[in-house]
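**Student:** Mind folding the following:
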Amino acid sequence: MKMNRLGKTDLMVSELCLGTMTYGNQTSQADAHTQMDMSLDAGINFIDGAEMYPVNPIAKETIGLTEEILGNWFKKTGRRNEWVLATKHSGEGMQYVRDGAPITSESVPGAVEGSLKRLKTDHIDLYQLHWPNRGSYMFRKNWTFDPTTQNRTETLQNMADVLGALGREIEKGRIRHIGLSNESAWGTMMWLQVAHAMAGPRMESIQNEYSLMCRMADTDLAEVMLHEEVSLLPFSPLAAGLLTGKYQRGAVPEGSRMALNGNLGGRKTDRAFAAVDAYAKVAKEAGLDMALMALAWSAQRPFVASSIFGATTAEQLAHLLKAEDMTLSADVLKVLDETHKQHPMPY
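**Tutor:** Down below sits the predicted model:
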(Lines give C-alpha, C1' and ligand atoms only; values in the text may rest on other atoms or scores of the structure.)
Protein backbone atom coordinates (compact mmCIF):
# COMPACT_ATOMS: atom_id res chain seq x y z
CA MET A 1 0.00 0.00 0.00
CA LYS A 2 1.22 3.49 -0.80
CA MET A 3 2.78 5.38 2.12
CA ASN A 4 2.71 9.15 2.58
CA ARG A 5 4.61 11.44 4.92
CA LEU A 6 2.51 12.92 7.73
CA GLY A 7 3.07 16.67 7.73
CA LYS A 8 6.76 17.45 8.24
CA THR A 9 7.31 14.46 10.53
CA ASP A 10 9.29 11.29 9.95
CA LEU A 11 6.08 9.25 10.15
CA MET A 12 5.03 7.42 6.99
CA VAL A 13 1.37 6.48 7.04
CA SER A 14 -0.65 4.24 4.73
CA GLU A 15 -2.95 6.06 2.33
CA LEU A 16 -5.87 4.36 4.06
CA CYS A 17 -6.39 4.70 7.82
CA LEU A 18 -8.55 2.36 9.89
CA GLY A 19 -11.27 4.34 11.66
CA THR A 20 -12.58 2.89 14.90
CA MET A 21 -15.51 5.01 16.06
CA THR A 22 -17.92 2.04 15.97
CA TYR A 23 -15.73 -0.22 18.13
CA GLY A 24 -17.64 -1.04 21.29
CA ASN A 25 -21.05 -0.15 19.87
CA GLN A 26 -21.89 -1.36 16.36
CA THR A 27 -18.68 -3.40 16.22
CA SER A 28 -17.87 -5.98 18.89
CA GLN A 29 -14.38 -6.35 20.34
CA ALA A 30 -13.90 -9.68 18.55
CA ASP A 31 -14.81 -8.19 15.18
CA ALA A 32 -12.73 -5.08 15.88
CA HIS A 33 -9.67 -7.21 16.57
CA THR A 34 -10.29 -9.16 13.37
CA GLN A 35 -10.43 -5.87 11.47
CA MET A 36 -7.11 -4.78 12.97
CA ASP A 37 -5.51 -8.05 11.88
CA MET A 38 -6.96 -7.74 8.37
CA SER A 39 -5.84 -4.15 8.01
CA LEU A 40 -2.25 -4.89 8.97
CA ASP A 41 -2.21 -7.81 6.54
CA ALA A 42 -3.43 -5.43 3.80
CA GLY A 43 -0.62 -2.96 4.47
CA ILE A 44 -2.48 -0.41 6.62
CA ASN A 45 -0.30 0.91 9.44
CA PHE A 46 -2.40 3.87 10.61
CA ILE A 47 -5.30 3.65 13.09
CA ASP A 48 -7.43 6.48 14.48
CA GLY A 49 -9.47 6.64 17.67
CA ALA A 50 -10.67 9.19 20.23
CA GLU A 51 -11.25 9.27 23.95
CA MET A 52 -14.98 9.90 23.41
CA TYR A 53 -15.53 6.90 21.08
CA PRO A 54 -17.65 4.90 20.30
CA VAL A 55 -20.35 7.05 18.72
CA ASN A 56 -23.80 6.46 17.23
CA PRO A 57 -24.83 7.22 19.83
CA ILE A 58 -22.39 8.78 22.28
CA ALA A 59 -23.25 7.47 25.73
CA LYS A 60 -21.80 8.01 29.18
CA GLU A 61 -21.54 4.25 29.67
CA THR A 62 -19.40 3.66 26.58
CA ILE A 63 -17.01 6.65 26.63
CA GLY A 64 -13.46 5.34 26.25
CA LEU A 65 -14.48 1.84 25.21
CA THR A 66 -12.96 2.14 21.73
CA GLU A 67 -9.55 2.97 23.18
CA GLU A 68 -9.89 0.04 25.58
CA ILE A 69 -10.62 -2.32 22.69
CA LEU A 70 -7.52 -1.09 20.85
CA GLY A 71 -5.48 -1.46 24.02
CA ASN A 72 -6.69 -5.01 24.53
CA TRP A 73 -5.48 -5.89 21.02
CA PHE A 74 -2.08 -4.31 21.70
CA LYS A 75 -1.74 -6.27 24.94
CA LYS A 76 -2.94 -9.54 23.41
CA THR A 77 -0.74 -9.41 20.33
CA GLY A 78 2.30 -7.43 21.44
CA ARG A 79 2.20 -5.68 18.06
CA ARG A 80 1.59 -2.10 19.20
CA ASN A 81 4.64 -0.75 17.37
CA GLU A 82 3.32 -1.94 14.01
CA TRP A 83 0.74 0.83 14.16
CA VAL A 84 0.95 4.59 13.85
CA LEU A 85 -1.57 5.28 16.60
CA ALA A 86 -3.74 8.41 16.62
CA THR A 87 -6.31 9.51 19.15
CA LYS A 88 -8.03 12.75 20.19
CA HIS A 89 -8.58 15.05 23.16
CA SER A 90 -12.28 15.94 23.51
CA GLY A 91 -13.30 19.51 24.21
CA GLU A 92 -16.14 21.93 24.68
CA GLY A 93 -19.60 20.45 24.36
CA MET A 94 -18.58 16.81 24.89
CA GLN A 95 -20.83 16.49 27.92
CA TYR A 96 -19.71 13.02 28.95
CA VAL A 97 -15.98 13.88 28.90
CA ARG A 98 -14.81 16.26 31.65
CA ASP A 99 -18.36 17.66 31.75
CA GLY A 100 -17.92 19.32 28.38
CA ALA A 101 -15.04 21.55 29.49
CA PRO A 102 -12.89 23.22 26.82
CA ILE A 103 -9.37 22.12 25.94
CA THR A 104 -6.84 23.86 28.19
CA SER A 105 -3.26 23.44 29.33
CA GLU A 106 -4.69 21.97 32.53
CA SER A 107 -6.83 19.37 30.73
CA VAL A 108 -4.06 18.02 28.50
CA PRO A 109 -2.02 15.93 31.00
CA GLY A 110 -5.04 14.11 32.40
CA ALA A 111 -6.52 13.47 28.96
CA VAL A 112 -3.24 12.04 27.69
CA GLU A 113 -2.89 9.90 30.82
CA GLY A 114 -6.41 8.52 30.42
CA SER A 115 -5.88 7.60 26.78
CA LEU A 116 -2.51 5.96 27.50
CA LYS A 117 -4.08 3.86 30.24
CA ARG A 118 -7.00 2.71 28.10
CA LEU A 119 -4.77 2.09 25.09
CA LYS A 120 -2.28 0.14 27.21
CA THR A 121 0.67 1.90 25.62
CA ASP A 122 3.39 4.30 26.69
CA HIS A 123 3.04 6.70 23.78
CA ILE A 124 0.60 8.09 21.21
CA ASP A 125 2.03 8.82 17.76
CA LEU A 126 -0.47 11.53 16.77
CA TYR A 127 -2.44 13.37 19.44
CA GLN A 128 -5.24 15.50 18.00
CA LEU A 129 -7.51 18.22 19.37
CA HIS A 130 -10.99 16.98 18.50
CA TRP A 131 -12.84 20.30 18.29
CA PRO A 132 -11.80 23.98 18.50
CA ASN A 133 -12.86 25.72 21.70
CA ARG A 134 -14.20 28.63 19.66
CA GLY A 135 -16.51 26.36 17.62
CA SER A 136 -16.37 24.99 14.10
CA TYR A 137 -18.29 25.01 10.84
CA MET A 138 -18.06 21.24 10.48
CA PHE A 139 -20.99 18.82 10.96
CA ARG A 140 -23.46 21.00 9.03
CA LYS A 141 -22.74 24.04 11.20
CA ASN A 142 -21.41 25.79 8.08
CA TRP A 143 -24.95 26.97 7.36
CA THR A 144 -25.10 29.03 10.56
CA PHE A 145 -21.41 29.55 11.40
CA ASP A 146 -20.80 32.93 13.05
CA PRO A 147 -17.26 33.85 14.15
CA THR A 148 -18.29 37.28 15.48
CA THR A 149 -18.57 35.88 19.00
CA GLN A 150 -14.94 34.76 19.04
CA ASN A 151 -12.30 36.59 21.08
CA ARG A 152 -9.02 36.66 19.15
CA THR A 153 -6.80 37.51 22.12
CA GLU A 154 -8.24 34.72 24.27
CA THR A 155 -8.04 32.26 21.39
CA LEU A 156 -4.36 32.93 20.73
CA GLN A 157 -3.48 32.79 24.43
CA ASN A 158 -5.27 29.45 24.76
CA MET A 159 -3.35 28.13 21.75
CA ALA A 160 -0.06 29.15 23.33
CA ASP A 161 -1.00 27.58 26.66
CA VAL A 162 -2.18 24.33 25.08
CA LEU A 163 0.90 24.10 22.87
CA GLY A 164 3.02 24.51 25.98
CA ALA A 165 1.23 21.61 27.64
CA LEU A 166 1.49 19.46 24.52
CA GLY A 167 5.17 20.29 24.25
CA ARG A 168 5.71 19.02 27.78
CA GLU A 169 3.95 15.76 26.86
CA ILE A 170 6.26 15.41 23.86
CA GLU A 171 9.29 16.01 26.08
CA LYS A 172 8.07 13.23 28.36
CA GLY A 173 7.73 10.91 25.36
CA ARG A 174 4.03 10.33 25.97
CA ILE A 175 3.04 11.78 22.59
CA ARG A 176 5.16 12.15 19.45
CA HIS A 177 3.28 14.59 17.22
CA ILE A 178 0.16 16.72 17.35
CA GLY A 179 -2.71 17.52 15.01
CA LEU A 180 -6.06 19.26 14.66
CA SER A 181 -9.60 18.19 13.86
CA ASN A 182 -12.67 20.08 12.64
CA GLU A 183 -10.50 23.18 12.08
CA SER A 184 -10.61 26.10 9.67
CA ALA A 185 -7.93 27.70 7.51
CA TRP A 186 -7.60 30.65 9.91
CA GLY A 187 -7.43 28.39 12.95
CA THR A 188 -4.78 26.19 11.38
CA MET A 189 -2.63 29.19 10.45
CA MET A 190 -2.91 30.63 13.96
CA TRP A 191 -1.80 27.34 15.52
CA LEU A 192 1.20 27.34 13.19
CA GLN A 193 2.07 30.97 13.83
CA VAL A 194 1.80 30.63 17.60
CA ALA A 195 3.97 27.50 17.50
CA HIS A 196 6.59 29.35 15.46
CA ALA A 197 6.56 32.35 17.78
CA MET A 198 7.08 30.26 20.90
CA ALA A 199 9.29 27.59 19.29
CA GLY A 200 6.72 25.02 20.24
CA PRO A 201 5.49 21.86 18.52
CA ARG A 202 3.66 22.40 15.23
CA MET A 203 0.34 20.94 14.14
CA GLU A 204 1.17 18.30 11.53
CA SER A 205 -2.31 17.29 10.39
CA ILE A 206 -5.94 18.28 10.29
CA GLN A 207 -8.78 15.78 10.41
CA ASN A 208 -11.88 17.23 8.74
CA GLU A 209 -14.82 15.74 6.91
CA TYR A 210 -13.94 15.42 3.23
CA SER A 211 -15.52 13.39 0.47
CA LEU A 212 -17.01 13.68 -2.99
CA MET A 213 -20.09 15.10 -1.22
CA CYS A 214 -18.31 17.42 1.21
CA ARG A 215 -15.48 19.39 -0.40
CA MET A 216 -15.17 22.45 1.87
CA ALA A 217 -11.43 21.76 2.20
CA ASP A 218 -10.80 22.41 -1.50
CA THR A 219 -10.23 26.17 -1.31
CA ASP A 220 -8.61 28.16 1.51
CA LEU A 221 -7.78 25.14 3.64
CA ALA A 222 -6.22 23.29 0.71
CA GLU A 223 -3.92 26.26 0.13
CA VAL A 224 -2.84 26.22 3.77
CA MET A 225 -2.25 22.48 3.79
CA LEU A 226 -0.18 22.46 0.61
CA HIS A 227 2.02 25.46 1.40
CA GLU A 228 2.44 24.79 5.12
CA GLU A 229 2.79 21.00 4.79
CA VAL A 230 -0.09 20.14 7.07
CA SER A 231 -1.64 16.83 5.99
CA LEU A 232 -5.36 16.34 5.61
CA LEU A 233 -6.78 13.19 7.21
CA PRO A 234 -10.30 13.03 5.75
CA PHE A 235 -12.99 11.46 7.88
CA SER A 236 -16.22 10.17 6.34
CA PRO A 237 -14.73 9.76 2.83
CA LEU A 238 -17.79 7.59 2.12
CA ALA A 239 -20.16 10.30 3.37
CA ALA A 240 -21.26 8.24 6.38
CA GLY A 241 -22.12 5.33 4.08
CA LEU A 242 -24.13 7.30 1.52
CA LEU A 243 -21.48 6.68 -1.14
CA THR A 244 -21.87 2.93 -0.77
CA GLY A 245 -25.38 3.30 -2.17
CA LYS A 246 -26.87 1.24 0.64
CA TYR A 247 -29.36 3.95 1.66
CA GLN A 248 -30.82 4.63 -1.79
CA ARG A 249 -34.55 4.20 -2.51
CA GLY A 250 -35.45 4.40 1.18
CA ALA A 251 -33.33 1.45 2.28
CA VAL A 252 -32.17 1.42 5.91
CA PRO A 253 -30.12 -1.75 6.53
CA GLU A 254 -30.46 -3.27 9.98
CA GLY A 255 -27.61 -2.25 12.26
CA SER A 256 -26.50 0.54 9.92
CA ARG A 257 -25.62 4.04 11.05
CA MET A 258 -28.88 5.42 9.69
CA ALA A 259 -30.80 2.79 11.62
CA LEU A 260 -29.16 4.08 14.80
CA ASN A 261 -29.30 7.85 14.40
CA GLY A 262 -31.84 8.46 11.66
CA ASN A 263 -30.48 11.38 9.68
CA LEU A 264 -26.75 10.52 9.48
CA GLY A 265 -25.83 13.61 11.45
CA GLY A 266 -27.74 15.90 9.09
CA ARG A 267 -26.49 14.26 5.89
CA LYS A 268 -29.83 12.65 5.01
CA THR A 269 -31.42 15.03 2.50
CA ASP A 270 -33.22 14.67 -0.81
CA ARG A 271 -30.30 16.47 -2.49
CA ALA A 272 -27.87 13.97 -0.99
CA PHE A 273 -29.68 11.00 -2.50
CA ALA A 274 -29.77 12.74 -5.88
CA ALA A 275 -26.03 13.33 -5.64
CA VAL A 276 -25.41 9.67 -4.81
CA ASP A 277 -27.39 8.67 -7.90
CA ALA A 278 -25.15 10.95 -9.97
CA TYR A 279 -21.95 9.48 -8.53
CA ALA A 280 -23.33 5.98 -8.96
CA LYS A 281 -23.84 6.75 -12.64
CA VAL A 282 -20.20 7.87 -12.95
CA ALA A 283 -19.03 4.66 -11.29
CA LYS A 284 -21.23 2.46 -13.46
CA GLU A 285 -20.11 4.09 -16.70
CA ALA A 286 -16.47 3.72 -15.66
CA GLY A 287 -16.96 0.10 -14.58
CA LEU A 288 -16.11 0.92 -10.95
CA ASP A 289 -17.52 0.15 -7.54
CA MET A 290 -18.84 3.48 -6.17
CA ALA A 291 -17.48 3.06 -2.63
CA LEU A 292 -14.03 2.10 -3.89
CA MET A 293 -14.14 4.99 -6.33
CA ALA A 294 -14.88 7.40 -3.49
CA LEU A 295 -11.97 6.10 -1.40
CA ALA A 296 -9.60 6.18 -4.36
CA TRP A 297 -10.63 9.77 -5.15
CA SER A 298 -9.87 10.85 -1.60
CA ALA A 299 -6.50 9.08 -1.61
CA GLN A 300 -5.47 10.82 -4.84
CA ARG A 301 -6.08 14.35 -3.60
CA PRO A 302 -2.72 16.20 -3.39
CA PHE A 303 -3.02 17.35 0.23
CA VAL A 304 -4.34 14.06 1.68
CA ALA A 305 -1.96 11.85 3.64
CA SER A 306 -4.42 9.16 4.71
CA SER A 307 -8.18 8.72 4.36
CA ILE A 308 -9.94 7.48 7.48
CA PHE A 309 -12.62 4.93 6.73
CA GLY A 310 -14.56 2.64 9.00
CA ALA A 311 -16.36 -0.65 8.60
CA THR A 312 -19.01 -2.02 10.91
CA THR A 313 -18.10 -5.59 10.01
CA ALA A 314 -15.06 -7.50 8.81
CA GLU A 315 -16.99 -8.36 5.64
CA GLN A 316 -17.44 -4.68 4.82
CA LEU A 317 -13.76 -4.06 5.56
CA ALA A 318 -12.66 -6.82 3.17
CA HIS A 319 -14.54 -5.09 0.35
CA LEU A 320 -13.25 -1.59 1.11
CA LEU A 321 -9.64 -2.76 1.30
CA LYS A 322 -9.79 -3.35 -2.46
CA ALA A 323 -9.51 0.43 -2.88
CA GLU A 324 -5.74 0.20 -2.41
CA ASP A 325 -5.40 -1.23 -5.91
CA MET A 326 -7.45 1.49 -7.59
CA THR A 327 -6.16 4.57 -9.39
CA LEU A 328 -8.72 6.81 -11.04
CA SER A 329 -8.00 8.02 -14.56
CA ALA A 330 -7.87 11.69 -15.50
CA ASP A 331 -11.13 11.23 -17.40
CA VAL A 332 -12.93 9.84 -14.35
CA LEU A 333 -11.53 12.62 -12.15
CA LYS A 334 -12.82 15.20 -14.63
CA VAL A 335 -16.32 13.71 -14.62
CA LEU A 336 -16.30 13.60 -10.81
CA ASP A 337 -15.46 17.31 -10.71
CA GLU A 338 -18.27 18.04 -13.17
CA THR A 339 -20.66 16.02 -11.01
CA HIS A 340 -19.59 18.00 -7.97
CA LYS A 341 -20.47 21.24 -9.74
CA GLN A 342 -23.94 19.85 -10.42
CA HIS A 343 -24.40 18.70 -6.82
CA PRO A 344 -22.40 21.06 -4.56
CA MET A 345 -22.76 20.62 -0.80
CA PRO A 346 -25.83 18.38 -0.94
CA TYR A 347 -26.17 18.39 2.88
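**Student:** going forward, measure contacts between C-alpha atoms and count neighbours the same way
**Tutor:** Will do.
**Student:** For residue 184, grab phi and psi.
**Tutor:** When quoted as degrees, to the nearest 10, the phi and psi of residue 184 stand at phi -110, psi 170.
**Student:** and the nearest residue to it once chain neighbours are set aside, how many neighbours?
**Tutor:** Of all residues not flanking residue 184 in the chain, residue 221 sits nearest, at 6.7 Å (C-alpha to C-alpha, 6 or more residues apart in numbering). When neighbours are counted by other C-alpha atoms under 10 Å, residue 221 registers 21.
**Student:** isn't residue 221 right up against residue 187?
**Tutor:** No. Using C-alpha atoms under 8 Å, residue 221 makes no contact with residue 187, being 9.9 Å away.
**Student:** can you give me the strands for this protein?
**Tutor:** When secondary structure is read from DSSP state E, the chain shows strands at 3-5, 12-14, 16-19, 46-48, 84-89, 124-129, 175-181, 203-207, 231-232, 307-309.
**Student:** can these go into a markdown table with extra columns for distance to residue 154?
**Tutor:** Converted to a markdown table, these look like this (distance: least, C-alpha to C-alpha, whole Å):
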| stretch | distance to residue 154 |
| --- | --- |
| strand 3-5 | 33 |
| strand 12-14 | 34 |
| strand 16-19 | 33 |
| strand 46-48 | 30 |
| strand 84-89 | 20 |
| strand 124-129 | 17 |
| strand 175-181 | 18 |
| strand 203-207 | 19 |
| strand 231-232 | 26 |
| strand 307-309 | 32 |
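**Student:** And those: which comes nearest residue 145?
**Tutor:** Closest to residue 145 of the strands of the chain is strand 175-181 (C-alpha to C-alpha; 16.6 Å).
**Student:** name the helices or strands packed onto that closest one?
**Tutor:** Packed against strand 175-181, as judged by 3 or more C-alpha pairs under 8 Å, 6 or more residues apart in numbering; DSSP states H and E, are the following elements: strand 124-129, helix 152-172, strand 203-207.
**Student:** So for residue 318, which of these sits nearest?
**Tutor:** Per C-alpha to C-alpha, nearest to residue 318 of those: strand 203-207, 24.0 Å.
**Student:** just so I know, which of the helices and strands packed on strand 175-181 lies nearest residue 183?
**Tutor:** Comparing these under C-alpha to C-alpha, the one sitting nearest is strand 203-207, at 6.9 Å.
**Student:** What residues sit buried inside that closest one?
**Tutor:** For strand 203-207, burial by neighbour count (16 or more other C-alpha atoms under 10 Å) applies to 203-207.
**Student:** repeat for stretch 220-239
**Tutor:** 221-222, 224-225, 229-239.
**Student:** can you check stretch 336-347 too?
**Tutor:** Buried residues in stretch 336-347 (16+ other C-alpha under 10 Å): 336, 339-340, 343-347.
**Student:** For it, what is the distance to the chain centroid?
**Tutor:** 22 Å (C-alpha atoms, centre = their mean, to the nearest Å).
**Student:** now do stretch 279-286
**Tutor:** When distances are taken as C-alpha atoms, centre = their mean, stretch 279-286 is centred 26 Å away from the chain's centroid.
**Student:** and what of stretch 14-27?
**Tutor:** On the basis of C-alpha atoms, centre = their mean, stretch 14-27 sits 10 Å off its chain's mean C-alpha point.
**Student:** Poorly predicted segments of this protein, please.
**Tutor:** Nowhere does the chain drop to pLDDT under 70.
**Student:** Please look at residue 309 and residue 18 and confirm they touch.
**Tutor:** Yes. Using C-alpha under 8 Å, residue 309 is in contact with residue 18, at 5.8 Å.
**Student:** The stretch 151-300 of the chain: helices as residue ranges?
**Tutor:** For the stretch 151-300 of the chain, the helices defined by DSSP state H, counting those that start in this stretch cover 152-172, 185-198, 220-228, 257-261, 270-286, 290-299.
**Student:** what does the fifth one contact?
**Tutor:** Judged by C-alpha atoms under 8 Å, 6 or more residues apart in numbering, the contacts made with helix 270-286 from elsewhere in the structure are 213, 242-243, 245, 248, 289-290, 293, 332, 335-336, 339, 343, 346-347.
**Student:** partners of the most centrally placed residue in the chain in the sheet?
**Tutor:** In the chain, the centroid-proximal residue (C-alpha atoms, centre = their mean) is residue 235; its distance is 3.6 Å. Residue 235 has these beta-bridge partners by DSSP bridges: residue 209, residue 308.
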